[in-house]
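Chemist: Everything below, folded, please.
(chains A and B)
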2 protein chains.
Amino acid sequence: MRTINELVQDHIRNLEPYTPGFQPTGDGWIKLNTNELPYAPPEEIRKAIHEESTRLARYPSPTSQELREVLAKFYQVKVDQVIIGNGSDDLLNLLVRAFGGAGKQTLETFPSYSLYPVLTAIAAGDIKSIQFGTDFALPVEQLIESKSEILFLTSPNAPTGVRFPLDQIRELAKRFDGVLVIDEAYAEFAEGSALPLLEEFDHVVITRTFSKAYGLAGLRVGYALASPEVINILDRVRDSYNVNRLSQAGAASAIQSQEYYISVINEVKQTRERTREALLGVGWKVYPSEANFLFAEPVDTSGKKGADVAAALYQFLINAKILVRYFPKHPLTESYLRISIGSPSEMERFIEEVKKWQNSE
Amino acid sequence: MRTINELVQDHIRNLEPYTPGFQPTGDGWIKLNTNELPYAPPEEIRKAIHEESTRLARYPSPTSQELREVLAKFYQVKVDQVIIGNGSDDLLNLLVRAFGGAGKQTLETFPSYSLYPVLTAIAAGDIKSIQFGTDFALPVEQLIESKSEILFLTSPNAPTGVRFPLDQIRELAKRFDGVLVIDEAYAEFAEGSALPLLEEFDHVVITRTFSKAYGLAGLRVGYALASPEVINILDRVRDSYNVNRLSQAGAASAIQSQEYYISVINEVKQTRERTREALLGVGWKVYPSEANFLFAEPVDTSGKKGADVAAALYQFLINAKILVRYFPKHPLTESYLRISIGSPSEMERFIEEVKKWQNSE
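Modeler: Numbers count the residues shown, from 1 in each chain, chains lettered A, B, ... in the order given. Down below sits the predicted model:
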């Protein structure tokens, strides 16, 4: 008889799983590590969910039909250009399973969302990572020359927050011989989007989420917009009932609450710019961000920066019960911290602690 | 440039997706086609969900930790023997991805849950189906001889509702050289379960769902119980945040509401037996069921049975706004209807319509 270890697929046996950002369970934390919105959902959304909860004995719409229709109307696309996922992670997974996987190559820029290589590994595919330079500019020509079946581009990019110019993405779309996925998880905080490319190209996919700007990370809803041909393929690989009733109802209600979200998003952007000014003011390097986080290189009072400095501040902040994200594994990220934008008072606390740290050095 | 059709994986291009049971949108239907519970969830569960909805801005526990702990306590197993899925379909999918898929063989009895071949096809695996005889007895020796990496056994079985004897499943577990998955979606309605095998075998997996006996099909929560070794492997293939906050909270609350469910499940079982008696009374063949549905062969007043008779009654019931499930594609199922157990009054209506149909023949 074969053991479990012998029975498991070779490429799964030694898989390194994705590491989600730390979720503290105790109270009193200022959580600036997973780019969540610092506000609880408005009452309308809670009410829509509560009403839907009377119908839980029945299976949900397998295609999330009503939510698809709401989104199609919102983006002025056809309903068959929309697919709903259990978070946008679900859709990234389906994209890899359909177009990547065994015998295929996934392409990504590096560093970006560290889930892409994990999804590729689970599907037994190869991954090719094109490293950014220190300017984090889009390496258009290198990407085009890569001979890959699928390319994940995060724009605004994580962890920098920088959005890539539409002209450059269009150039990629024109010449990249594969499916081009633009992961716009943070697009609601940005000053532009790749949405216009949907009309021009059948092989462009835009993924979005309710986890960031809509403040519904706990609800797990994402969506993709693409040509009907691509959506039809993803639909075949999808779990039949991949999004539950409450998530469908809550997300549809969120799309109807635009007035609320426009004001919340504006507040986050203002807080982001104030925080950026403060960090520039104490001598840090901070990338210009169009997302709800800042990627910033700490400098201590003696003017020192680098991996040790970033790691020391990261630990100092944890001791002060402030969580930010630190990626120590790569030269391009090891001197930086990624700081999610919390509420104005949370960011004031954060800046205070940064100053305390500088003075304690 | 390659077209979308050229870019998609070969085995996905011509995939036949799973067909979920029809979900009517209008009012007035008696829905006996997807084995749902005919009762809305109790207020405690709705309340738990409503309270949790204030926390939606934050990501859920990636491992559904609290729910795992609740289930571990309920079943008196270790927490690392439990994994939570976005419906048990999610877990069946992970099982195929980890142990089936390309270069491996999935084994199933046929007919059973038609999702197993679809999941196998998406993962580019082979499937071997061992056909039941008309007695629907478990073909233990044939299964053991199959040389497969993973075996899905539904017990109580769908579509018959018959539970396989524990001794036979134990014999399978002893001698089947692969992962043995016992899909116990309907076990709460049954007089026994394969749970005792968890202590005896590392390669036995039991999957369960909140969609049937707990009446939470709209919430999408399932779980698997197995050895820590198997759970650890599934955890690596799982989406990092595969179950949302509301589903975790609602399912945990359901486990705490045992008193309510014991009484509801008893009612369903009584209704099932009354319905079975009524159908036997009008001359039908009805398998003895330990699930919340009956698999029954209609007979018209002239004593005729067969595919035409079943199809005619299926259509007659639809015209009366009663939905049951009909599987016309296989000789073992084409003469039968699968009838979910609804509320007592719904089943009375169903029996009335059956009698009307007989008299109209």
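Chemist: part of a helix, is residue A:83?
Modeler: No: according to DSSP: H, G, I helix; E, B strand; the rest coil, residue A:83 belongs to no helix; its state is strand.
Chemist: dump the residue contacts of it.
Modeler: A:68, A:91, A:223, A:224, A:226, A:231, A:234, A:235, A:238 (C-beta atoms under 8 Å, 6 or more residues apart in numbering or on different chains). Where C-beta positions appear, they are placed from N, C-alpha and C, glycine not excepted.
Chemist: Wait, the fourth one touches residue A:85, no?
Modeler: This means residue A:224. Yes: counting by C-beta atoms under 8 Å, residue A:224 does reach residue A:85; the two are 7.0 Å apart.
Chemist: now for the helix or strand containing residue A:348, which elements pack on it?
Modeler: In this assignment (DSSP states H and E), residue A:348 forms part of helix A:344-360. The elements that helix A:344-360 packs onto, with contact taken as 3 or more C-beta pairs under 8 Å, 6 or more residues apart in numbering or on different chains; DSSP states H and E, are strand A:30-31, helix A:258-281, helix A:307-319, strand A:322-323.
Chemist: and of the ones you listed, who's closest to residue B:13?
Modeler: Across those, residue B:13 has its closest neighbour in helix A:258-281 (38.7 Å, C-beta to C-beta).
Chemist: Whether the closest one contacts chain B - can you check?
Modeler: No: Helix A:258-281 is not in contact with chain B by C-beta under 8 Å from any C-beta of the partner chain; minimum separation 10.6 Å.
Chemist: Identify the residues contacting that helix?
Modeler: With contacts defined as C-beta under 8 Å, 6+ apart, helix A:258-281 is touched by A:37-39, A:42, A:44, A:188-189, A:213-215, A:254, A:286, A:288-289, A:292-294, A:296, A:339, A:341-344, A:347, A:350-351, A:354.
Chemist: That helix vs helix A:344-360, what angle?
Modeler: Angle of helix A:258-281 versus helix A:344-360, following axes from the mean of the first three to the mean of the last three C-alpha atoms, to 10 degrees, is 10 degrees.
Chemist: tell me which residues in helix A:258-281 are buried?
Modeler: If you call a residue buried by 16 or more other C-beta atoms under 10 Å in any protein chain shown, then helix A:258-281 has these buried ones: A:260, A:261, A:264, A:265, A:268, A:269, A:271, A:272, A:275, A:276, A:278, A:279.
Chemist: Now for those residues: which two are most distant?
Modeler: Longest span within the buried residues of helix A:258-281, C-beta to C-beta: A:260 and A:279, 28.8 Å.
Chemist: May I see the helices and strands packed on helix A:344-360 organised as JSON lines, with mean pLDDT and distance to residue B:154 added?
Modeler: What follows is the helices and strands packed on helix A:344-360, written out as JSON lines (pLDDT from 0 to 100; distance: least, C-beta to C-beta, whole Å):
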{"stretch": "strand A:30-31", "mean pLDDT": "96", "distance to residue B:154": "43"}
{"stretch": "helix A:258-281", "mean pLDDT": "98", "distance to residue B:154": "44"}
{"stretch": "helix A:307-319", "mean pLDDT": "97", "distance to residue B:154": "48"}
{"stretch": "strand A:322-323", "mean pLDDT": "97", "distance to residue B:154": "44"}
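Chemist: Next, format those as JSON lines and append distance to residue A:144.
Modeler: Below are the helices and strands packed on helix A:344-360 laid out as JSON lines (distance: least, C-beta to C-beta, whole Å):
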{"stretch": "strand A:30-31", "distance to residue A:144": "39"}
{"stretch": "helix A:258-281", "distance to residue A:144": "32"}
{"stretch": "helix A:307-319", "distance to residue A:144": "33"}
{"stretch": "strand A:322-323", "distance to residue A:144": "39"}
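Chemist: other SSEs contacting the lowest-mean-pLDDT helix or strand in chain A?
Modeler: Within chain A, no helix or strand scores below helix A:10-13, which has a mean of 93 by mean pLDDT, DSSP states H and E. When contacts are defined as 3+ C-beta pairs under 8 Å, 6+ apart, helix A:10-13 sits against helix A:115-122, helix B:228-237.
Chemist: Helices - which of the contacts of helix A:258-281 land there?
Modeler: Among the contacts of helix A:258-281, the members found in helices (DSSP state H) are A:44, A:254, A:344, A:347, A:350, A:351, A:354.
Chemist: Which of these lies at the shortest distance from chain B?
Modeler: Ranked by distance to chain B (C-beta to the nearest C-beta), these are led by residue A:254 at 9.9 Å.
Chemist: Residue A:72 versus the residue lying closest to the closest one once chain neighbours are set aside, what's the distance?
Modeler: Nearest residue to residue A:254 in three dimensions, chain neighbours excluded: residue A:214, at 4.7 Å (C-beta to C-beta, 6 or more residues apart in numbering or on different chains). The gap separating residue A:214 from residue A:72 is 17 Å, by C-beta to C-beta, to the nearest Å.
Chemist: Equivalent analysis for residue A:351, please.
Modeler: 42 Å.
Chemist: repeat for residue A:231
Modeler: 11 Å.
Chemist: okay, these two: which has more neighbours?
Modeler: residue A:231 (19 against 16; other C-beta atoms under 10 Å in any protein chain shown).
Chemist: need the helices and strands packed on helix A:10-13 in a markdown table with mean pLDDT and distance to residue A:177, can you?
Modeler: Below are the helices and strands packed on helix A:10-13 laid out as a markdown table (pLDDT from 0 to 100; distance: least, C-beta to C-beta, whole Å):
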| stretch | mean pLDDT | distance to residue A:177 |
| --- | --- | --- |
| helix A:115-122 | 97 | 18 |
| helix B:228-237 | 97 | 30 |
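Chemist: Which among these is found nearest to residue A:105?
Modeler: So among these, helix A:115-122 is nearest, using C-beta to C-beta, at 8.5 Å.
Chemist: got the contact list for that closest one?
Modeler: Helix A:115-122 is contacted by residues A:11-12, A:15-18, A:89, A:92-93, A:96, A:100-101, A:106, A:108, A:126-127, A:129, A:152, B:97, B:236-237, B:240 when judged by C-beta under 8 Å, 6+ apart.
Chemist: Could you check how far it is from the centre of its chain?
Modeler: Mean-position distance between helix A:115-122 and its chain equals 15 Å (C-alpha atoms, centre = their mean, to the nearest Å).
Chemist: The following helix or strand past that helix pairs with which strands?
Modeler: Next along the chain after helix A:115-122, taking DSSP H and E as the criterion, comes strand A:126-131. Sheet pairing here is set by DSSP bridges, and for strand A:126-131 it gives strand A:105-110 (parallel).
Chemist: coming back round to it: measure the residue nearest to residue A:254 to residue B:103 for me?
Modeler: Computed as C-beta to C-beta, the residue A:214 to residue B:103 distance reads 41 Å.
Chemist: which regions of chain A sit below the pLDDT cut-off?
Modeler: For chain A, applying pLDDT under 70 flags the ranges A:361.
Chemist: rerun that using 90 as the cut-off
Modeler: For chain A, the stretches flagged by pLDDT under 90 are A:14, A:16-27, A:134-135, A:301, A:359-361.
Chemist: got the domain boundaries for it?
Modeler: Annotated domains of chain A cover A:24-39+A:259-360, A:43-256 [automatic domain parsing].
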